[in-house]
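A.B. asks: All I have is the shape, not the residue letters:
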């Protein structure tokens, strides 16, 4: 999404742009695939940063304006409500911060002074500053909140929806995610990510972007100061005045001449996920499930780190795409429930094809059993009895189709916020620049294009 946004923005101002995509579909980490004629979204649980029409100065408004997209084209439908579920405690939230604030006051009344102190720190932080200091979010929150469960409950959705570091995160990243999830909120196009793909393809075509599919970059040649050529998978070499990479920083570094192996390894993320998808012959609401998204934790403490086993099913995300508030009485024909959990890339990579298939079956059930403790159903068997189709992806699926080293969905734990590299005309946009989510990715592409492609 970041690369396409950068291409569109540059082309709007007369730049000659060629977009190279190794896969046969656009979208990267946010795309879709089909099995037996049924489309499955990948990546998109929710479009974050949602605000109602007329709200100015937000990331969503910026991408609509700078990419010349009509808001109506996006067909955004808000969430009903979502929930953070820990043993014995639920916090609900929606697209309006007062709801979450009232929930925290109900469950943690003695923490409200500290919570307001945290909000003051969040509001004071300049999240438009690209070169902000690396400050521990855990440390900042600990200055404000004294209840470990409330702390974990606030971190849980933020980490699952954008954190690339184990156990902790940058406070700047915490601020970006807090605002995008809690101050703003969730929405979904009725047809999911396919709507975004159609819009971006149309905008690229209108702007005159040259788009080369199934053609990746094999090597970036340089004179140690500037990129001098891009060797493509088909053997051809092309040149460009400027190169913007949305492949990820370690993935880009790996194809640069004379790259540092140490720097590459330091930037490969360890956090990945597996996700199961169940297609149902009933709507989730028919099973009593009213939530749009549930962030759950069933452990004594919330742990966000690469698990020892192939999957850690104790915490995760449950997404019900049917439970958005679709306009005009529309509803998805089939029920959908998606369960997401932390996973270990190395554990999945070492499996033989037979072991891989067996492990998928095993963990499909384990994840479902753990997640269903936080849904109003008797057991995971209730979901299974309504299932008419299922699928599951793992960290190795992520690497196979996106090139992300280690299956790291949120990329490098070290963000390159200015977007500059060791070469004067090579820039980074997307997740590894530090903007998060679909809206954040698009804003990253726009920002890098504006800073380094249009200012001259």
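C.D. replies: Cool, got the structure. Just so it is clear, the structure is predicted and the values come from calculations on it, not from any experiment.

A.B. asks: Centre of the chain to stretch 384-395, how far?
C.D. replies: Once both centres are worked out by Cα atoms, centre = their mean, to the nearest Å, stretch 384-395 turns out to sit 21 Å from its chain's centre.

A.B. asks: Could I get the buried residue list for that stretch?
C.D. replies: Residues of stretch 384-395 classed as buried: 386, 387, 390, 391, 392, 393, 394, 395 (neighbour count, 16 or more other Cβ atoms under 10 Å). All C-beta atoms are positioned from the backbone trio N, CA, C, and that covers glycine.

A.B. asks: Now residue 376: closest residue in space that isn't a chain neighbour?
C.D. replies: residue 288 (4.2 Å; Cβ to Cβ, 6 or more residues apart in numbering).

A.B. asks: Could you check how far the one you found is from residue 103?
C.D. replies: Residue 288 sits 21 Å away from residue 103, going by Cβ to Cβ, to the nearest Å.

A.B. asks: and these two? which has more neighbours close in?
C.D. replies: Here residue 288 and residue 103 are compared on neighbour count by other Cβ atoms under 10 Å; more neighbours surround residue 103, at 20 against 10.

A.B. asks: ok, now which ones touch the closest residue to that one other than its chain neighbours?
C.D. replies: In space, and not counting its chain neighbours, residue 103 is closest to residue 91: 4.6 Å by Cβ to Cβ, 6+ apart. Taking Cβ atoms under 8 Å, 6 or more residues apart in numbering, we find residue 91 in contact with 83, 84, 100, 103, 104, 107, 153.

A.B. asks: Let me know the helix or strand that the closest residue in space to residue 146 that isn't next to it in sequence is in.
C.D. replies: Spatial nearest neighbour of residue 146, excluding adjacent residues (Cβ to Cβ, 6+ apart): residue 114 at 6.5 Å. Per DSSP states H and E: residue 114 is located in helix 112-124.

A.B. asks: before we move on, the earlier item: quick one: which of the buried residues of stretch 384-395 sit in helices?
C.D. replies: Among those, the ones falling in helices (DSSP state H) are 386, 395.

A.B. asks: so what's the nearest residue to residue 293 once chain neighbours are set aside bridging to?
C.D. replies: Excluding the flanking residues, the one nearest residue 293 by Cβ to Cβ, 6+ apart is residue 82, at 4.2 Å. Beta-bridge partners recorded for residue 82 (DSSP bridges): residue 93.

A.B. asks: Residue 82 contacts residue 92, doesn't it?
C.D. replies: Yes - with contact defined as Cβ atoms under 8 Å, residue 82 counts as touching residue 92 (7.1 Å).

A.B. asks: Which one's more surrounded, those two?
C.D. replies: When residue 82 and residue 92 are compared for neighbours, residue 82 comes out ahead with 28 against 17, by other Cβ under 10 Å.

A.B. asks: just to revisit the earlier point, run a quick neighbour tally on the residue nearest to residue 146.
C.D. replies: 19.

A.B. asks: how near is residue 345 to residue 71?
C.D. replies: From residue 345 across to residue 71, the span is 38 Å (Cβ to Cβ).

A.B. asks: One more: residue 160?
C.D. replies: Per Cβ to Cβ, residue 160 is found 27 Å from residue 71.

A.B. asks: Tell me which of the two has more neighbours.
C.D. replies: Counted by other Cβ under 10 Å, residue 160 and residue 71 do not tie: residue 160 has more neighbours, with 24 against 12.

A.B. asks: Next one, pLDDT for the more buried one please.
C.D. replies: According to the prediction, residue 160 has pLDDT 97.

A.B. asks: correct me, but it touches residue 316?
C.D. replies: Yes - with contact defined as Cβ under 8 Å, residue 160 counts as touching residue 316 (7.3 Å).

A.B. asks: what touches both of the two?
C.D. replies: 295, 340.

A.B. asks: List the contacts of the residue nearest to residue 146.
C.D. replies: Per Cβ under 8 Å, 6+ apart, neighbours of residue 114: 144, 145, 146.

A.B. asks: For it, give its distance to residue 142.
C.D. replies: For residue 114, the distance to residue 142 - Cβ to Cβ - is 10 Å.

A.B. asks: again, but for residue 302
C.D. replies: For residue 302, the distance to residue 142 - Cβ to Cβ - is 15 Å.

A.B. asks: since we're on the residue lying closest to residue 188 once chain neighbours are set aside, how many residues are nearby?
C.D. replies: Ranked by Cβ to Cβ, 6+ apart and with sequence neighbours excluded, the top spatial neighbour of residue 188 is residue 324, at 4.7 Å. Residue 324 has 23 neighbouring residues, counting by other Cβ under 10 Å.

A.B. asks: now residue 285
C.D. replies: Using other Cβ under 10 Å, residue 285 has 15 neighbouring residues.

A.B. asks: State whether it is indeed within a helix.
C.D. replies: Yes - counting by DSSP: H, G, I helix; E, B strand; the rest coil, residue 285 is part of a helix.

A.B. asks: Adjust the sequence numbering to begin at 33 for everything that follows.
C.D. replies: New numbering, starting at 33: the last item is residue 317.

A.B. asks: Now do the same for it: its pLDDT.
C.D. replies: 97.

A.B. asks: Next one: the residue of the chain most remote from its centre, what pLDDT does it get?
C.D. replies: Farthest-out residue of the chain from its mean C-alpha position, per Cα atoms, centre = their mean: residue 255, at 34.9 Å. Residue 255 is assigned 95 on the pLDDT scale.

A.B. asks: if we can go back for a sec, how far away is the residue nearest to residue 408 from residue 141?
C.D. replies: Shown here: residue 320 relative to residue 141, a distance of 29 Å by Cβ to Cβ.

A.B. asks: Over to residue 107?
C.D. replies: Distance, residue 107 to residue 141, by Cβ to Cβ: 40 Å.

A.B. asks: out of those two, which sits in the busier spot?
C.D. replies: Ranked by neighbour count (other Cβ under 10 Å), residue 107 and residue 141 place residue 107 first, with 16 against 8.

A.B. asks: Would you list the phi and psi of that one?
C.D. replies: When read as degrees, to the nearest 10, the backbone of residue 107 gives phi 50, psi 50.

A.B. asks: Ends of stretch 104-115, what's the gap?
C.D. replies: End-to-end distance for stretch 104-115, by Cα to Cα, to the nearest Å: 28 Å.

A.B. asks: Quick one: residues in contact with that stretch.
C.D. replies: Residues outside stretch 104-115 that contact it (Cβ under 8 Å, 6+ apart) are 78-79, 82, 96, 122-127, 131, 189, 217-223, 227-228, 231, 322-327, 355-359.
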